[in-house]
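Student: Sequence plus the predicted model coming up.
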Amino acid sequence: MYLSIYLSIYLSIYLSIYLSIYLSIYLSIYLSIYLSIYLYIYLSINLSIYLSIYLSIYLSIYLSIYLSIYLSVCLSVCLSVCLSVCLSVCLSVCLSVCLSIYLSIYLSIYLSIYLSIYLSIYLSIYLSIYLSIYLSIYLSIYLSIYLSIYLSIYLSIYLTIYLSIYMSVYLSIYLFIYLEVVTR
């Protein structure tokens, strides 16, 4: 009777400690390596693809519309005012009126179209490439390290406590019943 209780307690404590230490070390190493590799590859590929597509489409549309409207309005107003004032003072009335109207219209249309197209294409390509590379690398490294450390610590602590309690109770009950049956 005492031998069965002693053996059940001894084996349950020994096995729960051994299994909890072994499983916590194994799971923390395995999960940290697996999660860091998996999350780095997954996040870098998905984020780079998503960000490059999203940023290129969004930035090209946004910048082309915004820059075309803004530059056309701004340049037309600025150029028309500047050129009309400057030319009217420097040149005669006839030349100033003709040239100011012509140059203000021509330069405002030309510069607004040229600058809006050039800047929208350049900025959309540059920002999409830069942001996709930067964010994919930064987020994949940060999230893989953070999640691997967090999950390995959390799972090792949780599994250690859970398995030690479960195994000690289960083994003590099992050994007690087994030794009671054997000793009878």
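Tutor: Structure received.

Student: Against residue 4, how distant is residue 181?
Tutor: With the distance defined as Cβ to Cβ, to the nearest Å, residue 181 ends up 10 Å from residue 4. To be clear about C-beta, it is placed using only N, CA and C from the backbone, and glycine gets the same treatment.

Student: Between the two, which is the more surrounded one?
Tutor: When residue 181 and residue 4 are compared on other Cβ atoms under 10 Å, the one with more neighbours turns out to be residue 4, at 17 against 9.

Student: Now do the same contact list for the spatially most central residue of the chain.
Tutor: With distances taken as Cα atoms, centre = their mean, the chain has residue 139 as the residue nearest its mean C-alpha position (4.0 Å). Under the criterion of Cβ atoms under 8 Å, 6 or more residues apart in numbering, the neighbours of residue 139 are 43, 47.

Student: Longest helix in this structure, please.
Tutor: Among the elements of type helix in the chain, defined by DSSP state H, the one spanning the most residues is helix 93-183.

Student: That helix - what's its average pLDDT?
Tutor: In this model, helix 93-183 carries a mean pLDDT of 78.

Student: Measure how far that helix is from the centre of its chain, please.
Tutor: Helix 93-183 has its C-alpha centroid displaced from the chain centroid by 0 Å (Cα atoms, centre = their mean, to the nearest Å).
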